[in-house]
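# just need the structure, nothing else, for what follows:
(2 chains)
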Amino acid sequence: MIEKMDTLLQRICVDGRLAKLAVSETGFIFDPQTGQSFTLNQTGLLALDLLKRGNSLEMTAQYMSDEYEVTMDVASSSLEAFLYQLGRYL
Amino acid sequence: MNNNHKVSVWEPPFIQPHRVGAINKFGNRGAKENVMREIFGVSIDDLVDQFGSPVFVTSEHQLRMNVRKIRRVFERRYNQVIHGWSYKTNYTGAICRILHQEGSWAEVVSAFEYEKARSLGVPGNRIIFNGPHKSKAILERAIAEGAYLQADHMDELKMIEQIASEQDRIVKIGIRINFDTGFTEPWSRFGFNLESGQANEAVKRISMSPHVRLTGLHSHIGTFIMEPRAYGEQVKTMCRFMRDLDDIDHINIDTLDIGGGFPSKNALQRVYLPPDQAVPDINEYADAVCDALVEETRYLEQSGRALPRLIIESGRAIVDDAQVLITSVVGTKRLPDGRRAAILDAGTNLLFTSYWYNHQVQMTREPGGVYEDTVLYGPLCMNIDVVRQSIQMPPLVYGDRLVVSPVGAYNNTQWLQFIEYRPNVVLVHEDTNVSVIRRAENLAVMNAQDEMPAHLSYRTMADEGSLPSGKTTREHLIRR
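Coordinates of the predicted model:
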């Protein structure tokens, strides 16, 4: 599953979509390629920030697990669902 | 990595696409972000710890202030005002008794409500008896006890006449009339219609009876009326009919009952403005009613005759903001369309008024995270069990306590007994002591009305084998 997720992450990152997103501190996102805008919640903002900086899924999940004091399972599965969402919109 | 992202509440990461038209002028924030840790001077956590969740919390102080205010604003403008407490709005005994202490009469609409008022010590001659269904038995009692009856239809008039004759009394009554004020949808199903002549027929019928005397007119133009001028028109129409009766039939009307329908500071669905802006002050209603009344009864005053007494039957405007519901989050989820959702331990079973109000919902802890469009569901296995279809809320977690308000009108009377026990209703006294005024239901309450036929009377399924034939119930019945 992690492999599949990594592939998805790679797809989003390869053409620079993640890097091109304009993200405000409050979680407002503008995608210059499609003109669409989005809102991230606080954990989404953190996850996107970590992924944009090149962290792996596992490292991102670990960071979130530590930051919010939730189990690694909870953080990983939530991150997986989040990545699917990103894949759908980007 | 900075710590700007850190919030106290975990919520799965989520990205919400913006859609055209989805953002309103109020932005992406909750209308009420102030955190409520106390209600009516008592800690919310203490209330839940002591009385459980959900729990209805009622303020004695607010109730007394509300009824005093409505009496004051009307009495300042007109001399003879009676407030009839509308039992159907909230007939919890302690609430009724507080209002009776304040001088309100009981306004009842059924045998149950009549009996309840009497059980609370209200004398018959301080009960206004309305409604389309008054059985012969309860009419006999009400007439014997001197209640003020307002007749709804011709069959009821006949029955009152018959009882009065049997008891050899002359019964003074009012009749309910309906008509078009031009402001509200006419409630033509109640009472005698004025425009079509039904009201005149009722008057003639009463005039012919030696046992019934017409002394009052009653009308009720609707509910949650946000246009005070509607009451002005109502009073004018009633007064002109009263004058016609005086001039033509020499009938002296001494009571005008304008019903209720004054709004509370609740938010009706499909009303754009918030209640503070949309709902007129009670003084505007008193102006509309009393200006018309003084104007239309000037001829009586000029000829030195007594003015009719004015009855108002306001319920909602008195009790609604005197009660809140504390409820707890029992689950959270994301809906397939991306909206945030929470399941509460109180739904439309307790908040029947959720079907037409957007109740205010407040947090009891500091909110963390981004406000989003959220659906608040109740605990029922029904798709329509929705407390708020759309409200801006921060991330909610299991155990969060929310305060829903105002809920004092029509919930403790219209609530549903469907799959859940109804919870405690408590009263915060003027000294902030708290007591239960309606106990939470339990299995014993729920089973109390059940009766079990003898052939089904076994305690457990295992006992089923001890039937006379030694067979199971099914075999026993088949062989018999």
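
# count the residues that sit near the closest residue to residue B:253 other than its chain neighbours.
In this structure, residue B:253 finds its nearest non-sequential neighbour in residue B:242, 4.4 Å apart by Cβ to Cβ, 6 or more residues apart in numbering or on different chains. No exception for glycine: its C-beta is placed from N, CA and C like everyone else's. Number of residues near residue B:242 (other Cβ atoms under 10 Å in any protein chain shown) recorded here: 22.

# residue B:242: which element?
helix B:229-249 (DSSP states H and E).

# tell me where the stretch 251-400 of chain B has strands.
Using DSSP state E, counting those that start in this stretch, the strands of the stretch 251-400 of chain B run over B:255-257, B:309-312, B:323-334, B:340-344, B:360-363, B:372-377, B:386-393.

# turn those strands into JSON lines, columns for distance to chain A, mean neighbour count and mean pLDDT.
Shown next, in JSON lines, are the strands of the stretch 251-400 of chain B (distance: least, Cβ to the nearest Cβ, whole Å; neighbours: other Cβ atoms under 10 Å in any protein chain shown; pLDDT from 0 to 100):
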{"stretch": "strand B:255-257", "distance to chain A": "54", "mean neighbour count": "25", "mean pLDDT": "98"}
{"stretch": "strand B:309-312", "distance to chain A": "49", "mean neighbour count": "22", "mean pLDDT": "98"}
{"stretch": "strand B:323-334", "distance to chain A": "9", "mean neighbour count": "20", "mean pLDDT": "96"}
{"stretch": "strand B:340-344", "distance to chain A": "9", "mean neighbour count": "23", "mean pLDDT": "96"}
{"stretch": "strand B:360-363", "distance to chain A": "16", "mean neighbour count": "20", "mean pLDDT": "96"}
{"stretch": "strand B:372-377", "distance to chain A": "7", "mean neighbour count": "21", "mean pLDDT": "94"}
{"stretch": "strand B:386-393", "distance to chain A": "12", "mean neighbour count": "20", "mean pLDDT": "95"}
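
# format these as CSV; extra columns: distance to residue B:14.
Output for those, formatted as CSV (distance: least, Cβ to Cβ, whole Å):
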stretch, distance to residue B:14
strand B:255-257, 56
strand B:309-312, 51
strand B:323-334, 7
strand B:340-344, 8
strand B:360-363, 20
strand B:372-377, 8
strand B:386-393, 14
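
# nearest to residue B:55, of those?
strand B:323-334 (5.2 Å; Cβ to Cβ).

# put the alpha carbons of that closest one into CSV.
Presented in CSV, the C-alpha positions along strand B:323-334 are these (Å, rounded to 0.1, in the frame of the first residue of the first chain):
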residue,chain,number,x,y,z
GLN,B,323,-34.1,27.1,28.3
VAL,B,324,-31.1,25.5,26.5
LEU,B,325,-30.1,22.0,25.7
ILE,B,326,-26.7,20.7,26.4
THR,B,327,-25.7,17.9,24.1
SER,B,328,-22.6,15.9,23.5
VAL,B,329,-20.8,14.7,20.3
VAL,B,330,-20.8,10.9,20.1
GLY,B,331,-19.2,10.6,16.7
THR,B,332,-17.6,12.5,13.8
LYS,B,333,-17.3,11.8,10.1
ARG,B,334,-16.7,13.2,6.7
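
# quick one: strands adjacent to that strand?
Using DSSP bridges, strand B:323-334 pairs in its sheet with strand B:55-59 (antiparallel), strand B:340-344 (antiparallel), strand B:401-405 (antiparallel).

# so where does residue B:156 fall, helix or strand?
Using DSSP H and E, residue B:156 sits within helix B:154-166.

# helix or strand right after that helix?
Following helix B:154-166 toward the C-terminus (DSSP H and E): strand B:171-178.

# can you list the strands that that next one pairs with?
strand B:148-151 (parallel), strand B:192-193 (parallel), strand B:212-218 (parallel).

# average pLDDT for the second one?
What it means is strand B:192-193. Average pLDDT, strand B:192-193: 96.

# pull the distance from the helix holding residue B:156 to the chain's centre.
Offset of helix B:154-166 from its chain centre (Cα atoms, centre = their mean, to the nearest Å): 30 Å.

# and stretch B:414-428, by the same measure?
Computed by Cα atoms, centre = their mean, the chain-centroid distance of stretch B:414-428 equals 14 Å.

# quick one: terminal-to-terminal distance for it?
Stretch B:414-428 has an end-to-end distance of 22 Å (criterion: Cα to Cα, to the nearest Å).

# now residue B:86: how far from residue B:231?
Residue B:86 sits at a distance of 16 Å from residue B:231 (criterion: Cβ to Cβ, to the nearest Å).

# tabulate the strands paired with strand B:323-334 (JSON lines), appending distance to residue B:192.
Listed next are these as JSON lines, based on distance: least, Cβ to Cβ, whole Å:
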{"stretch": "strand B:55-59", "distance to residue B:192": "37"}
{"stretch": "strand B:340-344", "distance to residue B:192": "45"}
{"stretch": "strand B:401-405", "distance to residue B:192": "39"}
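
# give the contact list for residue B:141.
With contacts defined as Cβ atoms under 8 Å, 6 or more residues apart in numbering or on different chains, residue B:141 is in contact with residue B:114.

# mind checking how far it is from residue B:103?
24 Å.

# same deal with residue B:295?
Counting by Cβ to Cβ, the gap from residue B:295 to residue B:103 is 27 Å.

# would you mind listing what in chain A touches chain B?
Where chain A comes near chain B, counting by Cβ under 8 Å from any Cβ of the partner chain, the residues are A:25-27, A:29, A:36-50, A:63-64, A:67-70, A:74, A:78-79, A:81-82, A:85-86, A:89.

# residue 66 sits in which helix or strand?
By default, I'm working from chain A. Following DSSP H and E, one finds residue A:66 within helix A:57-68.

# please go with chain B instead
With DSSP H and E as the test, residue B:66 turns up in helix B:60-75.

# flag every buried residue along that helix.
Neighbour counts using 16 or more other Cβ atoms under 10 Å in any protein chain shown place B:60, B:61, B:62, B:63, B:64, B:66, B:67, B:70, B:71, B:73, B:74 of helix B:60-75 among the buried residues.

# quick one on the thing from earlier: which residues touch the helix holding residue B:156?
With Cβ under 8 Å, 6+ apart as the contact definition, helix B:154-166 has outside contacts at B:132, B:134, B:136, B:139-140, B:143, B:149, B:151, B:170-171, B:173, B:175, B:192, B:201-202, B:205-206, B:209, B:211-212.

# mean confidence score for it?
pLDDT averaged over helix B:154-166 gives 97.

# and stretch B:269-278, by the same measure?
Per-region confidence: stretch B:269-278 scores 86 on mean pLDDT.
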